[in-house]
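Asker: take this sequence and fold it.
(chains A and B)
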Amino acid sequence: GAGVSQSPSNKVTEKGKDVELRCDPISGHTALYWYRQSLGQGLEFLIYFQGNSAPDKSGLPSDRFSAERTGGSVSTLTIQRTQQEDSAVYLCASSLAPGANYGYTFGSGTRLTVV
Amino acid sequence: DAKTTQPNSMESNEEEPVHLPCNHSTISGTDYIHWYRQLPSQGPEYVIHGLTSNVNNRMASLAIAEDRKSSTLILHRATLRDAAVYYCILKGFGNEKLTFGTGTRLTIIP
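Answerer: As a prediction, the model looks like this:
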């Protein structure tokens, strides 16, 4: 597609349930990133993929969070046993390649609300 | 990571040029200067980036000081659609995290 696609755009879930968030990067982009933005806050880095491997997952807040990427394309961020503090907009971005000389294209995000 | 400093907010009149400053006195020689903006209720949008020379694209221009300790994002003719939070970020080799600070909230006055 022309841009980074994320689904669903909105998700309301009950506390304790598991959720999966999907990201479709721009075709041919090898680097993929997950960020989250809590209400009124800045963007917080979660994880970075180069191809299917994740060289940097240092931003994942707890072991309830995991992510995978398959075929060097689609990525799924999974949150197990959701808590109210997980409520945020989860943003995915892709880049042609890793490195300082490439810009990121962000998706529109998934707004997660845990009730 | 090298830090950037930006004014919290700025205002500009519609159809006027806008100069958004950024200080980065601890920039390293291999850090690129990236600018993103975030419109209300949207994900961040890439604007421009550069290393040493001034850069131009269809959205904006980036003027980089000779000592690289500061830079200025220039919107040549502001429109209402340019109202957003603008982030100046340093990105170095081997560091794939973009660290978003608080940015500059730009208000465009009709």
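Asker: for the rest of this, base every contact and every neighbour count on C-alpha atoms.
Answerer: Noted.
Asker: now the terminal residues of stretch A:88-103, how far apart.
Answerer: Taking C-alpha to C-alpha, to the nearest Å, the first and last residues of stretch A:88-103 lie 24 Å apart.
Asker: so does that stretch get close to chain B?
Answerer: Yes: Stretch A:88-103 reaches chain B (C-alpha under 8 Å from any C-alpha of the partner chain) through A:Leu91, A:Pro98, A:Gly99, A:Ala100, A:Asn101, A:Gly103.
Asker: sketch out the low-pLDDT regions of the chain for me.
Answerer: Since you didn't name a chain, this refers to chain A. By pLDDT under 70, the low-scoring segments of chain A are A:1.
Asker: looking at chain B here, not the other one
Answerer: In chain B, residues with pLDDT under 70: B:1-2.
Asker: can you show me the strands along chain B?
Answerer: Assigned by DSSP state E, chain B shows strands spanning B:9-13, B:18-23, B:32-38, B:45-50, B:55-56, B:61-64, B:70-75, B:84-91, B:104-109.
Asker: between those strands, which one is nearest to A:Phe45?
Answerer: Of all the strands of chain B, strand B:84-91 sits nearest to A:Phe45, with 13.5 Å by C-alpha to C-alpha.
Asker: from the contact counts, what lies against the closest one?
Answerer: strand B:32-38, strand B:104-109 (3 or more C-alpha pairs under 8 Å, 6 or more residues apart in numbering or on different chains; DSSP states H and E).
Asker: name the helices or strands packed onto the first one?
Answerer: The contact analysis (3+ C-alpha pairs under 8 Å, 6+ apart) places strand B:32-38 against strand B:45-50, strand B:84-91.
Asker: most packed of the ones you listed?
Answerer: strand B:84-91 (a mean of 26; mean count of other C-alpha atoms under 10 Å in any protein chain shown).
Asker: partners of it in the sheet?
Answerer: Counting by DSSP bridges, the strands paired with strand B:84-91 are strand B:32-38 (antiparallel), strand B:104-109 (antiparallel).
Asker: got JSON lines for those, with mean neighbour count too?
Answerer: Shown next, in JSON lines, are the strands paired with strand B:84-91 (neighbours: other C-alpha atoms under 10 Å in any protein chain shown):
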{"stretch": "strand B:32-38", "mean neighbour count": "23"}
{"stretch": "strand B:104-109", "mean neighbour count": "19"}
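Asker: those into TSV, with extra columns for distance to B:Thr5?
Answerer: Output for the strands paired with strand B:84-91, formatted as TSV (distance: least, C-alpha to C-alpha, whole Å):
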stretch	distance to B:Thr5
strand B:32-38	12
strand B:104-109	9
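Asker: distance check, the residue lying closest to A:Gly51 once chain neighbours are set aside against A:Ser62.
Answerer: Distances taken as C-alpha to C-alpha, 6 or more residues apart in numbering or on different chains put A:Gly72 closest to A:Gly51, at 4.6 Å, once the chain neighbours are dropped. A:Gly72 sits 25 Å away from A:Ser62, going by C-alpha to C-alpha.
Asker: show me what from chain B comes close to chain A.
Answerer: Taking C-alpha under 8 Å from any C-alpha, the part of chain B that reaches chain A is made up of B:31-32, B:34, B:42-46, B:48-50, B:91-102.
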